[in-house]
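Student: Okay, predicted coordinates and the sequence, questions at the end:
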Amino acid sequence: MFENKERTDIAELGEFGLIKHLTQNFKIQHESSIKGVGDDAAVLDFSEQQVLVSTDLLLEGIHFDLAYVPLIHLGYKAVQVNLSDIYAMNGVATQITVSIGISSKFPLEAVEDIYKGIELACNKFNIDLIGGDTSSSKQGLVISITSIGHAKKEDICYRNGAQEGDLLCVSGDLGGAYVGLQILEREKLIFLENPQIQPDLEGKDYIIERQLKPEGRRDVVDLLAQLKIKPTSMIDVSDGLASEILHICTQSDKGCTIYEDKLPIDPVTYETARELGLDPTVCALNGGEDYELLFTIKQADYEKLKNDVDISIIGHITDKNSGCRMISKSDVVHELKAQGWNAFKK
């Protein structure tokens, strides 16, 4: 995929030359970033705040397919999936470190594209790049990003705080990233069979973007702060809605009831799922990679949130003995099961 571009061998720069080249345009934006790239370790000062840290690993062939994932989008997404974990703690993300393993097939220009995507995400979400590492890789492209943020102790949300009667809320809409992935996989197979056929993505822009360029929901954290709502629990929807609901219920030692007709599904997601012979509800429950925020609030906070069109109340928390269940559109009760992404599934 790099034949038509000017090609510079990474070995010409060496490790430290490569790091300097890739990070020279990144600017420090936070007072908490005392020292960023360029020394043996970064230096951070968060004063009275508690520090939040999260790490994600993205592996070529497991988490992404370069047959249809542009490298700029990959860099952007790699940052977003990490920032989402900080936002899921009701915190503010401020710094990242980036480590990459690169195989010999990648010229400098390809790695520059990855860092362009990283820089776009840093600029949009006000993030400092403060360090990382580079290495050669015999297993394809590897990207590891650590995100760092902060929050006041009393503002941090964990998964284990849901109480009986709390309302289950989710931001945005669900299933789009998974259905977008199915479209990309379909077009890849068609291309492999006949490279002369152009991809048919007309009308699918929204769900393709949901897969290739997700957005961390920092705005939801800001909204909750403005409305003076402290969620009783929170998690990001990375592995599928059902899986995340079960995480909250398990760690909070509670059950739940959700309603199929309350699940937020975009019309393009719904229609495309049907075209592909998929159940839109299953896509919403088990698709994953939506990176929306799932959280519980006290019923007393309902009035503050009820008119926000970007937040859907999909159910409520029950006692543990009631189990975790979904009421279908036809009033049939289904046990809620996690069938989404499994990092170790072969």
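Tutor: Done, it's in. Here the structure is a predicted model, which is why all the values come from computation and not from measurement. Numbers count the residues shown, from 1 in each chain.
Student: shaky segments in the stretch 201-346 of the chain?
Tutor: 340-346 (pLDDT under 70).
Student: all strands for it, in order.
Tutor: 233-236, 255-259, 293-297, 311-318, 324-327, 333-335 (DSSP state E, counting those that start in this stretch).
Student: Okay, now the sheet partners of the second one, with direction.
Tutor: Put plainly, it is strand 255-259. Here strand 255-259 is paired, per DSSP bridges, with strand 311-318 (antiparallel), strand 324-327 (parallel).
Student: cool, the first one as well?
Tutor: Sheet pairing of strand 233-236 (DSSP bridges) gives strand 293-297 (antiparallel).
Student: The strand it pairs with: how far from the chain's middle?
Tutor: 16 Å (C-alpha atoms, centre = their mean, to the nearest Å).
Student: most tightly surrounded among the strands paired with strand 255-259?
Tutor: Neighbour counts (mean count of other C-beta atoms under 10 Å) averaged over each of these peak at strand 311-318, with a mean of 21. C-beta coordinates here come from the backbone N, C-alpha and C atoms, glycine included.
Student: mind checking how far it is from the chain centre?
Tutor: 21 Å.
Student: hey, C-alpha coordinates of that strand in PDB?
Tutor: Only the C-alpha atoms of strand 311-318 are listed here, as PDB (Å, rounded to 0.1, in the frame of the first residue of the first chain):
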ATOM      1  CA  ILE A 311     -28.500  10.500  26.300                       C
ATOM      2  CA  SER A 312     -30.900   7.500  26.300                       C
ATOM      3  CA  ILE A 313     -32.300   5.900  29.400                       C
ATOM      4  CA  ILE A 314     -32.400   2.200  28.500                       C
ATOM      5  CA  GLY A 315     -33.400   0.600  31.800                       C
ATOM      6  CA  HIS A 316     -32.800   0.400  35.600                       C
ATOM      7  CA  ILE A 317     -30.800  -1.400  38.200                       C
ATOM      8  CA  THR A 318     -32.500  -4.200  40.200                       C
END
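Student: Contacts for it next, please.
Tutor: Strand 311-318 is contacted from outside by 162-171, 220, 223, 249, 252, 254-259, 262-264, 296, 302, 305-306, 326, using C-beta atoms under 8 Å, 6 or more residues apart in numbering.
Student: and if we set it to 7 Å?
Tutor: 162-171, 254-259, 262-264, 296, 305 (C-beta atoms under 7 Å, 6 or more residues apart in numbering).
Student: Write a PyMOL command that selects only the buried members of those.
Tutor: Only the buried entries of these go into this PyMOL selection, using 16 or more other C-beta atoms under 10 Å:
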select buried, resi 162+166+167+168+169+170+171+254+255+256+257+258+259+263+264+296+305
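Student: so what's the residue lying closest to Y270 once chain neighbours are set aside up against?
Tutor: What sits nearest to Y270 in space, not counting adjacent residues and going by C-beta to C-beta, 6 or more residues apart in numbering, is P280, at 4.6 Å. Taking C-beta under 7 Å, 6+ apart as the contact definition, P280 lies against 175, 265, 269-270, 273-274.
Student: so which of those comes closest to L241?
Tutor: G175 (8.4 Å; C-beta to C-beta).
Student: How confident was the prediction at that closest one?
Tutor: pLDDT recorded at G175 is 97.
Student: Spatially central residue in this protein, please.
Tutor: What sits nearest the mean C-alpha location of the chain, by C-alpha atoms, centre = their mean, is V81, with 3.3 Å.
Student: That residue and D236: what is the separation?
Tutor: Distance of V81 to D236, given as C-beta to C-beta, to the nearest Å: 9 Å.
Student: I'd guessed L120 sits against K77; true?
Tutor: No - L120 lies out of contact with K77 (C-beta atoms under 7 Å); the separation is 10.7 Å.
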